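**Q** Starting from these lines, generate the structure:
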Amino acid sequence: SLFWLWLMLRALRRRRQESGLEDDDDTDYDAHLEDSSSGQRLKDNGIWFMELLAFIFLLVSFSMGNYWTWSIFWPARDMTETQPIDWCNHSLLEICNYSGYKIYPGHGKRVVKVDGKVHIYLNSKCQRSADMRRNPRRVTWTVYYRRKHKKGASEQEVKKRTRRNIKFQRAITGVTWNEILAKRNQQPEFRKAQRQDAINAAKQAKKVKAQQKKVVQSTVLKSGKQVKKPEKIQKNVPKAGPKKGTQR
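**A** You can find the predicted model right below:
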């Protein structure tokens, strides 16, 4: 479009040169306008108007051609609707029923059998092999053959990540970390003495409890009341019936 507009401007220039209006001196041009008739003036005005219109078209086409250049000054637009399709997306890929290779959009052959089952083949070679009932596990170039005979397994091996168990020392509920360190750093003699004190305290509490029990029993005997022992509750156990014989 720019080329045709340039040709239009060039033709207009030539017409002006032929009519004798292409003069650098403004005074001569004004004198010519005064001497020219009204029809000639209208013709000159038409040429000027056409040239101006062509120049406007040139500017518009130039601005539209540099759309992306000027768009950096405009606010960002939502490009979600104009994003290119990701043809490598796994949801768009299909698997060949015979070879096991991936089929990208726009490729492959789709065959519908008489029973209604749809078979997808990568190319006519896979389709012919399937029609001839060749076992894909015996054809060397299929994925099933390579998987069966472990071809290229070394390339697919993934390095295992080494996991190291790192121990963290932290406090627990109700006990701070300083208290835990203090208990861990205690001497064996101190622990033995602490354990013996706990045993003596337990024995003393047991002794006091036994004395209180004796006092209660003596008061009951003096009052003449007999203490009833709790009766044992018998469970209803079903009687064992005769054993049933088994048939041979």
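**Q** so who does K102 touch?
**A** K102 makes contact with 93-96, according to C-beta atoms under 8 Å, 6 or more residues apart in numbering. (Each C-beta comes from the backbone N, C-alpha and C, glycine too.)
**Q** how close does it get to E94?
**A** 7 Å (C-beta to C-beta, to the nearest Å).
**Q** With G116 instead?
**A** 18 Å.
**Q** which one of those two has more residues nearby?
**A** The residue with more neighbours, out of G116 and E94, is E94; 15 against 6, by other C-beta atoms under 10 Å.
**Q** Hmm, the more buried one is touching I103, no?
**A** Yes: the criterion here is C-beta atoms under 8 Å, and E94 meets it with I103 at 4.4 Å.
**Q** which neighbours do those two share?
**A** Joint contacts of E94 and I103 (C-beta under 8 Å, 6+ apart) are I120.
**Q** Any of the contacts of K102 buried? List them.
**A** Neighbour-count burial (16 or more other C-beta atoms under 10 Å) applied to the contacts of K102 gives C96.
**Q** Let me have the contacts of K102 in JSON lines, adding secondary structure as columns.
**A** Shown next, in JSON lines, are the contacts of K102 (DSSP: H, G, I helix; E, B strand; the rest coil):
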{"residue": "L93", "secondary structure": "coil"}
{"residue": "E94", "secondary structure": "strand"}
{"residue": "I95", "secondary structure": "strand"}
{"residue": "C96", "secondary structure": "coil"}
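**Q** want to throw the contacts of K102 into TSV with pLDDT?
**A** Shown next, in TSV, are these (pLDDT from 0 to 100):
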residue	pLDDT
L93	90
E94	92
I95	94
C96	95
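**Q** closest to L122 among the contacts of K102?
**A** C96 (4.1 Å; C-beta to C-beta).
**Q** Verify the stated contact: V112 with V118.
**A** Yes: with contact defined as C-beta under 8 Å, V112 reaches V118; the gap is 5.5 Å.
**Q** List phi and psi for K206.
**A** phi -70, psi -40 (degrees, to the nearest 10).
**Q** residues contacting it?
**A** K206 touches nothing, counting by C-beta under 8 Å, 6+ apart.
**Q** okay, now the domains of this structure?
**A** Domain ranges of the chain: 2-68, 94-150, 186-214, per automatic domain parsing.
**Q** looking at these, which one has the lowest mean pLDDT?
**A** Lowest mean pLDDT within the domains of the chain: domain 2-68, a mean of 59.
**Q** Only alpha carbons, please: show stretch 177-186 as PDB.
**A** Below are the C-alpha coordinates for stretch 177-186, written out as PDB (Å, rounded to 0.1, in the frame of the first residue of the first chain):
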ATOM      1  CA  TRP A 177      15.700 -27.100  75.700                       C
ATOM      2  CA  ASN A 178      17.900 -25.900  78.500                       C
ATOM      3  CA  GLU A 179      16.100 -28.100  81.000                       C
ATOM      4  CA  ILE A 180      16.500 -31.100  78.700                       C
ATOM      5  CA  LEU A 181      20.300 -30.400  78.400                       C
ATOM      6  CA  ALA A 182      20.500 -30.100  82.200                       C
ATOM      7  CA  LYS A 183      18.900 -33.500  82.700                       C
ATOM      8  CA  ARG A 184      21.000 -35.100  80.100                       C
ATOM      9  CA  ASN A 185      24.200 -33.800  81.700                       C
ATOM     10  CA  GLN A 186      23.300 -35.100  85.200                       C
END
